[in-house]
Structure formats: C-alpha cells, structure tokens
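Peer 1: only geometry, no sequence info:
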Ligand code: HEM
C-alpha cells in the first residue's frame, strides 16, 4: 500500500514537474518573442496567435487602428493564425501590387467562394480571362454618352425626391436618418439605371421592398463569411445564416429573372411593331449585346452583370454621402464656403440659361419645393464639373472614410515589395490611406481641383481594376449634395453616436440622425 502510494506520489510529482517545465519553456518562449520586439516600431505580436489579440481588442476601431500604423510606418505586416495580412500605403508598393505585378495579386479563390452566391461570375468576383472580357464590355458601356445622360436624369429626379422628403421633415421639425435615406435613394437609382425599373423605396413612409431587404440580407451574410469559419458546414447543411442566404438569393433571383424576362419581351414587341425607341438602362444594353451568339451571354450572366452593379454602386455612394454630410455639418467653415460656391453657381447658371430665379418664402413649403426643382433644372453633367470646392470636399471625405476600407488581394507567389517588405504566397495584401484631418483645401490650387496619383489616393482602387463607376458616383454625389447643401443646414441630434461599422463597406453603425433646416 505504502509502496503504491509512493509510486503514485512519485508519478504525480513527475507529472507536475513536466507541466512546470512546459510552462517555464512556454513563458521563456513568449518572453524571448516579446523581448525581441522591444525596439520594433510596428505591431507587437504573440507566438502562434500573431496579432489576433490586438486585432480583436481594436475590432470596433479597426480602420483607425490600421491608419495609425500606416501613417507612422507606411507598411505593416499583421500575422494571423492561418494567414498573414500585409497593409500598404506607400504609393510605390500600391502601384506594384495594383499595376506592375497585377497578375500576382488576384481576387483569388477564397474571395470568389464567399461571394459566389450573390455575385456569381460577375466582374467583381472573377479573375483572368473572364474578368478581362467583362471589363472590356463594361468599360465601353460606362463610357457611353447615352448611359451618362440617362443617369444624370435619374440622379436629378431622385435627389429631388430626397430633397422633398427633407423639406417636409424640416417643416415639421422631424428627425431623419440621413444614411437610411441615402441608401434608399442609391438603391432606387441603381435599379433604375441598372434594370430600368422603379422600386420606389425612397418615399416619405419608408416602405419595405422584398428585393431591397433580400439584397441587404445577402450582402451582410456573404460578408460574414470572412470571419465565420463554419460557413461551409452551414451551407452544406443549409442551416442558420446560410439558410437565410439561400432564401434571400431566391427572392433576388425571382425579381431579377422576371425583370430580364419582361425587358426581353418588351424589346421583341417593340421590334415587331417597328418601335425602335432605345432603352438606356444597363440591362437593356446587355440584352442587345447578348443577341450576338458569339457573346455567350446567358440569362444567368445578365443576372450577374446587373447584381454586380447594384452591389458596386449602392452602399459605396450612400455611405460616402453620409460621411460627407457629417463632415460638412461638423466643419462650419467648410459648410459656409460650400454654400457660397453653390449660391454663386446658381446665379451664374441662371444667367447662362437666361432664367429668372423664383422668389420663395421659407415658410411656404410649396414655393420652397418649387425653387429646389428650378435649381435642379440648372444642374447638368458639365456644369457640375465646375464645382471644384464640392469636388474637393467629396474627395477629402473619401480619403478619410474610404467606402471600401479594405480590398484584400491574394498572393500567388512570394514577392518583395519596392520598400523591401517580403510577402508570402497564400497571404493577403491590402492597400489603405494614411489620413489625418479633414481639409478640402489640400486638393485645391488657385481654386482649381488638383488630382492625386491613384496609387496615393486609393479610394477607387487603381491600375487595371480601378473602379469603373467613379465618374458616375461623383455625378450622383454632386447632384445630391448641390441640392442639399444649397437649401438645407444640418444639425446632428444631440448625443447621437457617429461611429463606423467595419464591414466591407464603411457605413455608420447607428445611422446619421439629424434635423435639417431650410436655407434662403
Ligand atoms: C463612392 C463610390 C464608390 C467607391 C468609393 C468605389 C470604389 C471601388 C473600389 C475600391 C473598387 C475595387 C474593389 C474590388 O475590386 O473589389 C471598385 C470596383 C468597381 N466599381 Fe466602384 N466605387 C464606387 C462607386 C461605384 C459605382 C456607382 C459603380 C457603378 C454603378 C461602380 C462600379 C465598379 C465596378 C464595376 C468595379 C469592378 C472593377 C473591376 O473589377 O474591374 N463603383 N470600386
């Protein structure tokens, strides 16, 4: 018995000793790992988990966290448990990744698998030949004057709808969530420009729309795949978020395919009746292109084309508009300078068009709205191009709050960036800003807007995959802001928290709740 106890005591001692030794070794390893980093300027990491702890602690302020490092260092390497992210801001590195060695940094298979349910084989979600072919066709369509004129009319009409909702709200001193209104406006306008249909979500009673809801749900769920390691299992079992995604995609597809069918039937009817009145929405243009058998455009490819445009153009523009309004209302001198630019512009345009501006009374809603409509009538693609201060304000907003804050690229082969940073195949690299304070003046010289290299100002990406909708986005943002900032002043609801949500698009986590007041 004594012997047995002795053995078990010995073995438990031995066990404890082994544990103590392992603990000692582990602590020494951690100590050496941390000691070696004591003079390191960049991110401090831990063994095995890398920077995951620091990243988790900074999750809600991820954008600032990265910008703080980038502004000091230009490049940061963030090791994570299964991969390494390299963040770059130095223009030479950005140019190398987005242009010079473009072929080594594709979207990659992981991104494709996350987005496939929603974006299919659309331009955003493919590489290689499939991407090249779409890029060529889309670039041609985007450069078309017909599409630009049609978009200008649509953007003007929906900006006026928004302004009318604000006029009523200001008359009754009601609070509005500006971000929600912008989201509705950009969804309605992209559906009109993309499919040629009115979905009417921008209305005073804020109606629900099943396509809009399903599209929002699908967007959130595919984005969650980036942080949900179980999504493939859920998809296989069709449970949880993946079951909801499946339902949402059915609603989106029913709507999209029915619009494709209706548009095709209309086009056939029109041809039979020799009625060749052209439609300018993107879908109609692609249906026409699909009539050439060599184009290989099926109904599924038409669906992918249009949904990629909805995804590209909706949240990006709406969130930038929200941040721009927030910047304007929190920087009084900017608001006043912009107001002056818009008043002068109004007088110049009225003279050019030989129009007498209507008198209006701030307390008479009808006359106020009539005046906004008259002003909008003076806004054309070319005249908006002369508003340099506005252009600088929007660009500065995008520098500080890039709508696409992270755009990770895969790495096919090991590479060395121009600043000497080594990147390994299988990791990810993403570019970003190293921004500081809001100052539209930094974009102006003698009152004229000065462009920056796209490898320095990266909000629209750069190189062969630079955003195709940049001009269209500026057109819509200017159209909207010209009307809003000419006729309204904005005040944030006291204590409303303005904070970003770190998803694929940099939206405001709690919306933008404000009161608008009318300006003479
Ligand atoms: C403020 C508004 C916008 C911003 C900041 C923006 C930014 C970007 C960025 C960063 C990319 C690269 C992302 C990636 O490759 O995943 C991109 C690509 C693209 N954008 Fe935009 N975008 C905006 C508006 C629009 C609009 C209104 C449209 C069209 C309706 C559009 C169409 C596209 C397309 C088609 C691509 C894919 C280009 C390619 O892969 O070759 N964008 N955009």
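Peer 2: Good, I have the coordinates. Just so we're clear, the structure is a prediction, and the values are computed from it rather than from any experiment. Numbers count the residues shown, from 1 in each chain.
Peer 1: who in the stretch 51-200 of the chain is up against the ligand?
Peer 2: Counting by Cβ under 6 Å from any ligand atom, the residues of the stretch 51-200 of the chain close to the ligand are 123, 124, 135, 138. All C-beta spots, glycine's among them, are computed from the backbone N, C-alpha and C.
Peer 1: count of residues packed around the last one?
Peer 2: Other residues near residue 138 number 19, with proximity taken as other Cβ atoms under 10 Å.
Peer 1: dump the residues of the stretch 51-200 of the chain next to the ligand to JSON lines, plus secondary structure.
Peer 2: Below are these laid out as JSON lines (DSSP: H, G, I helix; E, B strand; the rest coil):
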{"residue": "123", "secondary structure": "helix"}
{"residue": "124", "secondary structure": "helix"}
{"residue": "135", "secondary structure": "helix"}
{"residue": "138", "secondary structure": "helix"}
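Peer 1: if I've got this straight, residue 205 is in a strand?
Peer 2: No - counting by three-state DSSP, residue 205 is located in no strand; its state is coil.
Peer 1: who's in contact with it?
Peer 2: Listed by Cβ atoms under 8 Å, 6 or more residues apart in numbering, the contact set of residue 205 is empty.
Peer 1: how far away is the residue of the chain found nearest the ligand from residue 315?
Peer 2: With Cβ to the nearest ligand atom, the shortest gap between the chain and the ligand falls at residue 469, namely 2.0 Å. Per Cβ to Cβ, to the nearest Å, residue 469 is found 12 Å from residue 315.
Peer 1: settle it for me: which of these two has more neighbours?
Peer 2: Looking at residue 469 and residue 315 with other Cβ under 10 Å, you find the greater number of neighbours at residue 315, namely 24 against 19.
Peer 1: skipping its backbone neighbours, what lies nearest the more buried one in space?
Peer 2: Of all residues not flanking residue 315 in the chain, residue 505 sits nearest, at 4.4 Å (Cβ to Cβ, 6 or more residues apart in numbering).
Peer 1: so who does that neighbour touch?
Peer 2: With Cβ under 8 Å, 6+ apart, residue 505 has these contacts: 315, 316, 319, 403, 404, 405.
Peer 1: low-confidence ranges in the stretch 1-150 of the chain?
Peer 2: 1-11 (pLDDT under 70).
Peer 1: now do 80
Peer 2: 1-13, 33-34, 36-44, 48-49, 55, 59-60, 81-82 (pLDDT under 80).
Peer 1: quick test: name the residue nearest the centre of this protein.
Peer 2: With distances taken as Cα atoms, centre = their mean, residue 316 lies nearest the centre of the chain, 3.3 Å away.
Peer 1: ok, residues contacting the helix or strand where it lies?
Peer 2: Assigned by DSSP states H and E, residue 316 belongs to helix 315-330. The contact list for helix 315-330 (Cβ under 8 Å, 6+ apart) reads 178-179, 182-183, 185-187, 219, 334-335, 338, 393-394, 396-398, 400-401, 403-404, 438, 473, 476-477, 480-481, 484-485, 489-492, 498, 505-508, 512, 514.
Peer 1: which of those fall within strands?
Peer 2: 489, 490, 491, 492, 506, 507, 508, 514 (DSSP state E).
Peer 1: re earlier: the helix holding residue 316 near the ligand at all?
Peer 2: Yes - legend: contact between helix 315-330 and the ligand by Cβ under 6 Å from any ligand atom is shown at 316, 317, 320.
Peer 1: and the second one, how close does it get to residue 256?
Peer 2: Yep, that's residue 317 we're talking about. 21 Å.
Peer 1: so which of those two has more stuff around it?
Peer 2: A count of neighbours by other Cβ under 10 Å puts residue 317 above the other of residue 317 and residue 256, at 26 against 23.
Peer 1: how far away is that one from residue 309?
Peer 2: Applying Cβ to Cβ to residue 317 and residue 309 gives a distance of 12 Å.
Peer 1: include pLDDT and distance to residue 251 when you put the contacts of residue 505 into a markdown table, please.
Peer 2: Formatted as a markdown table, those follow (pLDDT from 0 to 100; distance: Cβ to Cβ, whole Å):
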| residue | pLDDT | distance to residue 251 |
| --- | --- | --- |
| 315 | 91 | 18 |
| 316 | 95 | 23 |
| 319 | 96 | 24 |
| 403 | 94 | 26 |
| 404 | 91 | 26 |
| 405 | 87 | 29 |
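Peer 1: residue 516 belongs to a strand?
Peer 2: Yes - under three-state DSSP, residue 516 sits within a strand.
Peer 1: pLDDT score for it?
Peer 2: As summarised for this prediction, residue 516 has a pLDDT of 96.
Peer 1: please apply the same query to residue 299.
Peer 2: So residue 299 comes in at 93 (pLDDT).
Peer 1: which residues touch the closest residue in space to it that isn't next to it in sequence?
Peer 2: Spatial nearest neighbour of residue 299, chain neighbours left out: residue 260 (5.6 Å); criterion: Cβ to Cβ, 6+ apart. With contacts defined as Cβ under 8 Å, 6+ apart, residue 260 is in contact with 283, 287, 299, 302, 303.
Peer 1: now residue 260: how far from residue 296?
Peer 2: 16 Å.
Peer 1: can you check residue 431 too?
Peer 2: When residue 431 is compared with residue 296 (using Cβ to Cβ), they lie 33 Å apart.
Peer 1: the more surrounded of these two?
Peer 2: residue 431 (25 against 9).
Peer 1: ok, and the closest non-adjacent residue to residue 342?
Peer 2: residue 486 (4.2 Å).
Peer 1: what's the answer for residue 109, then?
Peer 2: residue 410 (7.6 Å).
Peer 1: neighbours around residue 175, how many?
Peer 2: Neighbourhood size, residue 175 [other Cβ under 10 Å]: 13.
Peer 1: can you pull the contacts of it?
Peer 2: Counted by Cβ under 8 Å, 6+ apart, residue 175 has contacts 169, 493, 513, 514, 515.
Peer 1: buried members of the residues you listed into ChimeraX, please.
Peer 2: Listed next is the ChimeraX selection for buried residues among those, using 16 or more other Cβ atoms under 10 Å:
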select :169,513,514,515
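Peer 1: is it possible to get a markdown table of the contacts of residue 175 that adds distance to residue 388?
Peer 2: Formatted as a markdown table, these follow (distance: Cβ to Cβ, whole Å):
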| residue | distance to residue 388 |
| --- | --- |
| 169 | 30 |
| 493 | 32 |
| 513 | 31 |
| 514 | 26 |
| 515 | 29 |
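Peer 1: ok, which pair from the contacts of residue 175 is furthest apart?
Peer 2: Using Cβ to Cβ, the contacts of residue 175 span at most 12.4 Å, a distance reached by 169 and 493.
Peer 1: which neighbours do these two share?
Peer 2: 175, 515.
Peer 1: ok, residue 418 touching residue 92?
Peer 2: Yes - contact criterion Cβ atoms under 8 Å: residue 418 and residue 92 qualify, at 4.2 Å.
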